[in-house]
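K.L.:
model this:
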Amino acid sequence: MPIVVTFDLASPRPHESNRIRGAFERLGWERLGNTAYRYPRLGEQPEAEDWFNCVIPALMLLRAYSRAAAATGRGIVRYTLDAQSSTGCNHGAVSVGTPPSGGAEIDCCPPSRSGSSFGEQQLRDWLDGIEWPYPMGQEGAGP
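P.N.:
Numbers count the residues shown, from 1 in each chain. Below is the predicted model:
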């Protein structure tokens with residue numbers, strides 16, 4: 001079942017709009033309008049929607065853009081997010097779904113425009129740069 005996000009941005013620069021569009025498209029979203037996207041693309045019926053590798057990263061990127069743009073008096077003016085979805089991952093006796101993957105393992109789709117769209121390697125690097133803020137290891141280690 002689809003996830004649809006729509007949003008309005010306050011005074012986005014052309015390259016910023018193109019980069020947002022490019023990131024959504026590379027992550028498998030279909031552009032429905034200027035700032036409206038659908039996942040999965042119409043006609044694609046994945047076994048399970050890939051929330052960890054396609055949906056959440058696109059929404060995180062939109063949030064990160066909005067927070068950065070807000071510092072200059074811009075950012076998201078309004079948005080809607082509609083989801084009638086179910087997803088999961090089970091790699092036990094029956095393998096279904098996709099676990100959270102590294103940037104290199106995510107299947108990127110080509111954007112509808114080249115040029116100032118979000119670069120594929122930049123997207124993969126950004127995905128790999130999101131870290132857990134606590135040290136891993138012994139329980140109780142760290143702050």
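
K.L.:
pLDDT score for the most centrally placed residue in the chain?
P.N.:
Of all residues in the chain, the one closest to the mean position by CA atoms, centre = their mean is Ala58, 1.5 Å from it. For Ala58, the pLDDT comes out at 96.

K.L.:
Then it would be within a strand, right?
P.N.:
No. Applying DSSP: H, G, I helix; E, B strand; the rest coil, one finds Ala58 to be helix, outside a strand.

K.L.:
Could you pull out the strands in the protein for me?
P.N.:
Using DSSP state E, the strands of the chain run over residues 3-10, 30-33, 36-39, 75-83, 90-91, 95-96.

K.L.:
residues in contact with the residue nearest to the centre of the chain?
P.N.:
Val5, Ala23, Phe24, Leu27, Trp29, Tyr37, Tyr39 (CB atoms under 8 Å, 6 or more residues apart in numbering). No exception for glycine: its C-beta is placed from N, CA and C like everyone else's.

K.L.:
Number of residues surrounding the nearest residue to Thr80 once chain neighbours are set aside?
P.N.:
Leaving aside its sequence neighbours, Thr80 sits nearest to Thr6 (CB to CB, 6 or more residues apart in numbering; 4.9 Å). By the criterion of other CB atoms under 10 Å, Thr6 has 16 neighbours.

K.L.:
Thr6 contacts Thr35, correct?
P.N.:
Yes. If you go by CB atoms under 8 Å, Thr6 and Thr35 touch, sitting 6.3 Å apart.

K.L.:
So, low pLDDT: which residues of the chain?
P.N.:
Applying pLDDT under 70 to the chain picks out residues 114-116, 138-143.

K.L.:
Having no further points to raise, I will conclude here.
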